[in-house]
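Novice: give me a model of this one.
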Amino acid sequence: MKKSESIELFFTTFKKIYYPEYFKDTNGRKFFSYFNKGIKTTVIIESECVNSVVISIFKENKLGNCNKQIIEEIFAHLESEAYMSPVTKDVSLRFGRDESDNIIIDLVDNGYCIIDAEKFRLTRSVQPPFYRSQKMLSLPIPTNVEIEVFLSKFKSKFNLENSNDYILVLAFIIKAIIPKSGANPILILQGLQGTGKTTISKIIKKLVDPTHPLLVAPPKKIDDVIVTAHSSLLLAFDNLSGLNAEMSDLFCRISSGVGFTKRALYSNDKEIIYDISRPVLFNGIDELTTRADFLDRAIIINLSKITKEKRKSESRLDKDFDEDYSYLFSGIVSLISPILKILPTIQETNLPRMTEFARLGIALEHVLNLSQGTFLSVFDKNSLEKSEAAFWNDEICTAIHNYLFPKQYFNLTR
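Specialist: The predicted structure is shown next:
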């Protein structure tokens, strides 16, 4: 069979099986949507996922030899279709909103979950389009649960130095699920060796945005972060020992959803626009940075040392979490509807920085029937501890302090 005949036969089969719809997003990336096992799926054309689709169509339908040259021509044709399409859409990753402003969660193999201010429900197809990377894994199918039981299970997964910090972790998870709701906080899990930083990071990642792998190595350059952001909703980095000024500024922009540009190639002046807004999770032993703009967006959770008596094997921890996985995710989903209902009544003045996160935390406080002011009390305490850490790690601040209070200089235990 000639190459041209193979390509023509491929597209005839492709249209017949998948009914593809081509379009671009607001950043100019090219996509197509198709139906896969009854679930509407959207993919970026320049991806390994599309490569797999092409090869599988050739094999399953016996369309002949599928060599590199044929694949390249098929990709060029797919990109041309999307480029020439007059359709431009906002494309969501893992979480999005529909025209009625309802929250949509992409459960991957389990379809989609739509959440409004009254309830949640399951469906197989939604608008707007969602795209999926090959590394994305499925979330459990949510069911109705008892909030008190959920909260007990949730708290048991975290060995927090300050037990009240659970509300900050829970608010971080829920904020990550609610898109287009202000700046995303940066969660930092901090503790000495043996405090379970990696294990807890994996738990949070599984509850928000399970992928393979769950955690990635510390980024060395901006491109590493961009690649991760295009395939994951929650950026989760394991075992960081510090962030330089460039990386600190980048994560501040990602937290706030401020776009940035990057040259496509050094040989031309074409710029690629990145409009990336993501929640971010780090863990590490040392303080990552003392930059005030970064710390203003950060929530630092200190973990307690796990004693020998309480320490469990990794396989046992995985088994315990898997047993509670569906219940924990269901509890988080169940909290979102009442939070959405209460949020419009929460004041927008006299709040700390990360205002929308603070408002969500106050709404969570109401839903959990906690004492008034609980969330802001925990949040303010966390902010104060960050400010103190930044002060004592700043050479100018400590020099001024030691000059003004020389007698205290020798008594400092920091």
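Novice: wait, residue 179 touches residue 98, no?
Specialist: No: in this structure residue 179 lies outside contact range of residue 98 using CB atoms under 8 Å: 11.1 Å. (Glycine included, C-beta is placed from N, CA and C.)
Novice: neighbour-wise, which of these two wins?
Specialist: Set side by side, residue 179 and residue 98 show more neighbours around residue 179, with 18 against 15, by other CB atoms under 10 Å.
Novice: what residues are up against that one?
Specialist: With contacts taken as CB atoms under 8 Å, 6 or more residues apart in numbering, residue 179 has the following neighbours: 92, 95, 96, 97, 103.
Novice: dihedrals phi and psi, it?
Specialist: In this entry, residue 179 is assigned phi and psi values of phi -80, psi 160 (degrees, to the nearest 10).
Novice: that older thread, narrow the contacts of residue 179 to those in helices?
Specialist: Restricting the contacts of residue 179 to those inside helices, with DSSP state H as the criterion, leaves an empty set.
Novice: how about the residues you listed in CSV, adding pLDDT, neighbour count and distance to residue 335?
Specialist: Supplementary listing: the contacts of residue 179 in CSV, determined by pLDDT from 0 to 100; neighbours: other CB atoms under 10 Å; distance: CB to CB, whole Å:
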residue, pLDDT, neighbour count, distance to residue 335
92, 91, 22, 21
95, 95, 21, 15
96, 94, 21, 19
97, 93, 18, 18
103, 97, 23, 12
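Novice: got those residues as CSV, with distance to residue 342 columns?
Specialist: Conversion of the contacts of residue 179 to CSV gives the following (distance: CB to CB, whole Å):
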residue, distance to residue 342
92, 24
95, 20
96, 22
97, 18
103, 15
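Novice: go through those residues and flag which are in strands.
Specialist: Using DSSP state E, 95, 96, 97, 103 are the members of the contacts of residue 179 that sit in strands.
Novice: can you tell me which helices and strands the longest helix anywhere in the chain packs against?
Specialist: As assigned by DSSP H, the longest helix anywhere in the chain is helix 314-342. In this structure, helix 314-342 packs against strand 103-108, strand 111-115, strand 120-123, helix 147-156, helix 166-177, helix 197-208, helix 355-367, with contacts taken as 3 or more CB pairs under 8 Å, 6 or more residues apart in numbering; DSSP states H and E.
Novice: may I see these organised as a markdown table, with distance to residue 66 added?
Specialist: Rendered in a markdown table, the data for the helices and strands packed on helix 314-342 read as follows (distance: least, CB to CB, whole Å):
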| stretch | distance to residue 66 |
| --- | --- |
| strand 103-108 | 26 |
| strand 111-115 | 31 |
| strand 120-123 | 34 |
| helix 147-156 | 48 |
| helix 166-177 | 39 |
| helix 197-208 | 35 |
| helix 355-367 | 48 |
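Novice: tell me where this structure has strands.
Specialist: With DSSP E, the ranges of strands along the chain come out as 21-24, 30-36, 39-44, 95-97, 103-108, 111-115, 120-123, 186-190, 235-237, 260-263, 271-274, 280-284, 298-302.
Novice: put together a markdown table for those, with distance to residue 157 on each row.
Specialist: Written out in a markdown table, the entries for the strands of the chain read as follows (distance: least, CB to CB, whole Å):
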| stretch | distance to residue 157 |
| --- | --- |
| strand 21-24 | 40 |
| strand 30-36 | 33 |
| strand 39-44 | 30 |
| strand 95-97 | 22 |
| strand 103-108 | 20 |
| strand 111-115 | 22 |
| strand 120-123 | 22 |
| strand 186-190 | 12 |
| strand 235-237 | 16 |
| strand 260-263 | 35 |
| strand 271-274 | 34 |
| strand 280-284 | 15 |
| strand 298-302 | 13 |
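Novice: where does the protein dip in pLDDT?
Specialist: Counting by pLDDT under 70, the ranges of the chain that qualify are 1, 258-275, 289, 386-414.
Novice: could you redo the last one with a cut-off of 50?
Specialist: Filtered on pLDDT under 50, the chain yields the residue ranges 265-269, 391-392, 409-410, 412-414.
Novice: outline the domain layout of it.
Specialist: Domain segmentation of the chain under automatic domain parsing yields 3-84, 147-391.
Novice: let me have the ones you listed in CSV, extended by distance to residue 133.
Specialist: Listed next are these as CSV, based on distance: least, CB to CB, whole Å:
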stretch, distance to residue 133
domain 3-84, 7
domain 147-391, 4
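Novice: which of those domains sits closest to residue 138?
Specialist: Each of those has some distance to residue 138 by CB to CB; the shortest is domain 147-391, at 7.2 Å.
Novice: what number of residues lie near the nearest residue to residue 238 once chain neighbours are set aside?
Specialist: Using CB to CB, 6 or more residues apart in numbering and skipping the chain neighbours, the partner closest in space to residue 238 is residue 215 (3.9 Å). Other residues within reach of residue 215, judged by other CB under 10 Å, total 17.
Novice: cool, the one 10 residues further on as well?
Specialist: Residue neighbour count, defined by other CB under 10 Å, stands at 22 for residue 225.
Novice: next one: residue 117
Specialist: Number of residues near residue 117 (other CB under 10 Å) recorded here: 16.
Novice: wait, it touches residue 363, no?
Specialist: No: with contact defined as CB under 8 Å, residue 117 does not reach residue 363; the gap is 11.3 Å.
Novice: could you measure from residue 150 over to residue 105?
Specialist: 17 Å (CB to CB, to the nearest Å).
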